[in-house]
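J.: following is a predicted model, sequence given first.
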Amino acid sequence: MGKLKIGYLLPTRDQAARGAHDLERLVRQARRAEELGLDSVWAGDSPVTRPRADPLLLLAAVAQATERITLGTAVLLPALRHPILLAHQLATLDRLAAGRLIAGLGGGFPTPHTRAQFAAVGVGFERRGERLEETITLLRRLWSGEAVSHEGRHFAFSGVRLAPPPARPGGPPIWLAGSGPALRR
């Protein structure tokens, strides 16, 4: 069994729920977590259902303010984003973090509020599992450094090559979170 690792979920939602939007405070908390020897800091995603700071932008600031600690999304909802843009953002963030990024991805819990969030951005909630799977495949291909063409169920594009590439060949590790039949693995 491996060494126990301890991470800290930055309280982005708690802060926003109080009407506070002090992003520098969250960056200071991440630096303090690193000083205390924690292994990782995480930022959640929910632009509409539980609004908070954008996790990728916040983690970019954390990447520049820290040196050792692993950064992760807990969890990012890729079905709300186009995979080309998401691959580009995650590759750039992984580079800023010098390869310390974990892309925690999920499909979104089946609640009325989450369904409303998907509807607000024009994405069908029932197809989120398919979009998640297609996006993961595309992230890995887009991180290859090669030109990528794709004709899929949800996305189609031709000859896309992204730069910069992620810090690590193949990109950051992808961790999946979720439950239910749509995300059964």
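T.: Thanks, I have the structure now.
J.: C-alpha only now, for contacts and for neighbours.
T.: Will do.
J.: send the alpha carbons of the helix or strand bottoming out on mean pLDDT in the chain over as CSV?
T.: Across the helices and strands of the chain, mean pLDDT, DSSP states H and E gives its lowest value to helix 12-17, namely a mean of 86. Once non-C-alpha atoms are left out, helix 12-17 reads as follows in CSV (Å, rounded to 0.1, in the frame of the first residue of the first chain):
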residue,chain,number,x,y,z
THR,A,12,-14.2,28.4,-3.3
ARG,A,13,-17.9,27.6,-2.9
ASP,A,14,-18.0,28.5,0.8
GLN,A,15,-16.4,31.8,0.1
ALA,A,16,-18.8,32.6,-2.7
ALA,A,17,-21.8,31.6,-0.7
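J.: elements contacting that helix?
T.: On a contact count with 3 or more C-alpha pairs under 8 Å, 6 or more residues apart in numbering; DSSP states H and E, helix 12-17 meets no helix or strand.
J.: the protein: strands as residue ranges?
T.: 7-9, 40-43, 70-73, 101-106, 148-151, 156-160, 174-177 (DSSP state E).
J.: tell me which of those strands lies nearest to Arg128.
T.: For Arg128, the closest of the strands of the chain is strand 101-106, at 9.2 Å, according to C-alpha to C-alpha.
J.: ok, back up a step: buried residues, the least confident helix or strand of the chain. List them.
T.: Thr12, Arg13, Gln15, Ala16 (16 or more other C-alpha atoms under 10 Å).
J.: residue contacts, the last one?
T.: Pointing back at Ala16 there. Residues near Ala16 by C-alpha atoms under 8 Å, 6 or more residues apart in numbering: Pro51, Arg52, Ala53.
J.: identify the residues contacting Ala177.
T.: Val75, Gly104, Leu105, Gly106, Gly107.
J.: err, Ala63, not the other one
T.: By C-alpha under 8 Å, 6+ apart, the neighbours of Ala63 are Leu71, Leu93, Leu96, Ala97.
J.: for these, pick the one with the most neighbours.
T.: Leu71 (29 neighbours; other C-alpha atoms under 10 Å).
J.: what comes up buried for stretch 144-163?
T.: Quick answer for stretch 144-163 (16+ other C-alpha under 10 Å): Ser144, Gly145, Val148, Arg161, Leu162.
J.: what about that stretch, how long is it end to end?
T.: From its first residue to its last, stretch 144-163 covers 10 Å (C-alpha to C-alpha, to the nearest Å).
J.: show me where the protein has helices.
T.: 12-17, 23-35, 55-65, 83-96, 112-120, 128-142 (DSSP state H).
J.: show me how far the first one is from its chain's centre.
T.: Using C-alpha atoms, centre = their mean, to the nearest Å, we find the averaged C-alpha position of helix 12-17 to lie 18 Å away from the chain's own average C-alpha position.
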